[in-house]
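Novice: Provided below are the primary sequence and the corresponding predicted coordinates.
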Amino acid sequence: MGCFAEGMEPLLGARTPMNRISGRLSSASGETKRARFHEKVRRIPFFLSMQACPRRCVYCHQGEITGVSSAPSPDEVRRVLASLQGPHEVCFFGGSFTCFPPDLRNAYLDAVFSAPSGSSVRFSTHPECISSGVLDSLARFPVSMIELGISSLDDRVLKETNRGYTGDQALSVMKLVSLKGYRLAAQMMIGLPGQTTESSLEDLRKISSVPGDSPITLRIYPCLVLRDTPLSLLLAQGRYSPLSVEEAASWAGMLLSEAKRLGFAVQRIGLQHTESLAANVVAGPYHPALGEMAQSVALVTSLLSKSSSGPWKVERNQLSLLHGHGKFGIRLLSDRSGLTVSCVERRIGISQLTPYSTLETTTDSCAETKT
């Protein structure tokens, strides 16, 4: 993977198959067109930590999140990519890619052509640094996706976090990216100063109105308090209260349920463990399994929408979402249904009538409710 990407997979997740990735490729005549890449394309991330960001957000300390404090040069990227076998999706993350001066941005993108045939590139960037002209300049490169750091669309939250744009401006940029034919991802956050679950759910509904042929991809990150950030000062002054792990899981689970209903493709919830991140979290919902806990919340929400008191049938591969992490899902289902934990467990069975030891649904002798 190269020294600049080593150790970064935990942040992005494993190199996962990406089905029918489409992006922009240039033909010999310079005409752009949609293209389909190989069904199994591995990712190789390069982190340009804090590079070209127009301002510092109150929660941001990218070097501590990624564990990377310096960025590779375009030549270094080129050498790493030239050594790869098979097509890859090259990912430039950590900074605001389109905020780079055009010459430097193009140097990084030109390096992508050193990767094996069929490779593509995605990057994350700040909404302030996207325009029609910038998007047109990307047309000759195989851009598979543009990820925008949206965080929130609530103007009050955006002001408190020093994002530098309004919700309407962010939506306009998202629409522009999509209408230009690029696949779009939105990086959202939960637990920001001044933010509520209702405002973030409304954000999702607004984003779902963005036109496009492909589902919008979501990443959902919790707001963590890191050392030496403006947010750490607000915490010390008693002006900010971070979410607990369970509060964050509940919030993210609600977003996940709504995102599924609206047709989003959710790629990640939460940040996985890195030594640098763990050592620098002052407060907040830091948990390597936050994504799984959010899935538990979404599953419980779905079960209760079908029956308020059971019995409930689940797929075999969903059992861990209920029983894992100290029976997090079971306890949540108990709290929301008003039934005892033991009663909930007896009312859960496997779908398709597949026997599973004692996990056969029953309502007999299960009248216990919490008092």
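Specialist: Alright, I've got the coordinates.
Novice: and the most centrally placed residue in the chain, what helix or strand is that in?
Specialist: Taking Cα atoms, centre = their mean, the centroid of the chain lies closest to residue 219, which sits 1.5 Å from it. According to DSSP states H and E, residue 219 maps onto strand 217-222.
Novice: now stretch 187-200, how far from the chain's geometric center?
Specialist: Here stretch 187-200 is found 14 Å from its chain centre; the criterion is Cα atoms, centre = their mean, to the nearest Å.
Novice: low-scoring stretches of the stretch 201-350 of the chain, by residue?
Specialist: For the stretch 201-350 of the chain, residues meeting the criterion pLDDT under 70 lie at 272.
Novice: what comes up buried for the strand holding residue 219?
Specialist: 217-222 (16 or more other Cβ atoms under 10 Å). Where C-beta positions appear, they are placed from N, C-alpha and C, glycine not excepted.
Novice: what are the contacting residues of it?
Specialist: 145, 147, 183-191, 243, 248, 252, 255-256, 259, 264-271, 284-286, 290, 294 (Cβ atoms under 8 Å, 6 or more residues apart in numbering).
Novice: for it, what is the distance to the chain centroid?
Specialist: 3 Å.
Novice: and the next element down the chain from it?
Specialist: Downstream of strand 217-222 (by DSSP H and E), the next one is strand 225-226.
Novice: residue 349: what secondary structure?
Specialist: Secondary structure, DSSP: H, G, I helix; E, B strand; the rest coil: residue 349 is strand.
Novice: I figured it hits residue 311, correct?
Specialist: Yes - using Cβ atoms under 8 Å, residue 349 is in contact with residue 311, at 6.3 Å.
Novice: can you pull out the helices in this protein?
Specialist: 9-12, 62-66, 74-82, 102-111, 132-137, 155-160, 167-179, 197-207, 230-236, 245-262, 275-280, 290-306, 319-337, 341-346 (DSSP state H).
Novice: what's the closest of those helices to residue 123?
Specialist: Of all those, it is helix 102-111 that lies closest to residue 123, at 8.5 Å by Cβ to Cβ.
Novice: so what touches the closest one?
Specialist: Contacts for helix 102-111 (Cβ under 8 Å, 6+ apart): 74-75, 77-78, 81, 92, 97-98, 100, 121, 137-138, 141.
Novice: same deal with stretch 275-290?
Specialist: 61, 63-67, 191, 222-227, 232, 235, 242-245, 247-249, 252, 269-273, 293, 324-325.
Novice: buried sites along it?
Specialist: Per 16+ other Cβ under 10 Å, stretch 275-290 contains these buried residues: 276-277, 280-287, 289-290.
Novice: next: stretch 76-84.
Specialist: Buried-residue list, stretch 76-84, by 16+ other Cβ under 10 Å: 77-78, 80-81, 84.
Novice: what about residue 282, distance to residue 189?
Specialist: As defined by Cβ to Cβ, to the nearest Å, residue 282 lies at a distance of 17 Å from residue 189.
Novice: one more: residue 273?
Specialist: 19 Å.
Novice: which one of the two is surrounded by more residues?
Specialist: Under the criterion of other Cβ atoms under 10 Å, the comparison of residue 273 against residue 189 puts residue 189 first, with 22 against 13.
Novice: residues in contact with the more buried one?
Specialist: 59, 151-152, 195, 220-223.
Novice: farthest pair within these?
Specialist: 59 and 220 (14.5 Å).
Novice: give the pairing partners of the top strand by length along the chain; include direction for each.
Specialist: Identified as the longest strand of the chain according to DSSP state E is strand 143-151. Strand 143-151 pairs in its sheet with strand 120-125 (parallel), strand 184-190 (parallel), by DSSP bridges.
Novice: okay, these in CSV with mean pLDDT and distance to residue 161 next?
Specialist: Shown next, in CSV, are the strands paired with strand 143-151 (pLDDT from 0 to 100; distance: least, Cβ to Cβ, whole Å):
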stretch, mean pLDDT, distance to residue 161
strand 120-125, 96, 17
strand 184-190, 96, 8
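Novice: most tightly packed of those?
Specialist: Of these, the one with the most neighbours on average (mean count of other Cβ atoms under 10 Å) is strand 120-125, at a mean of 25.
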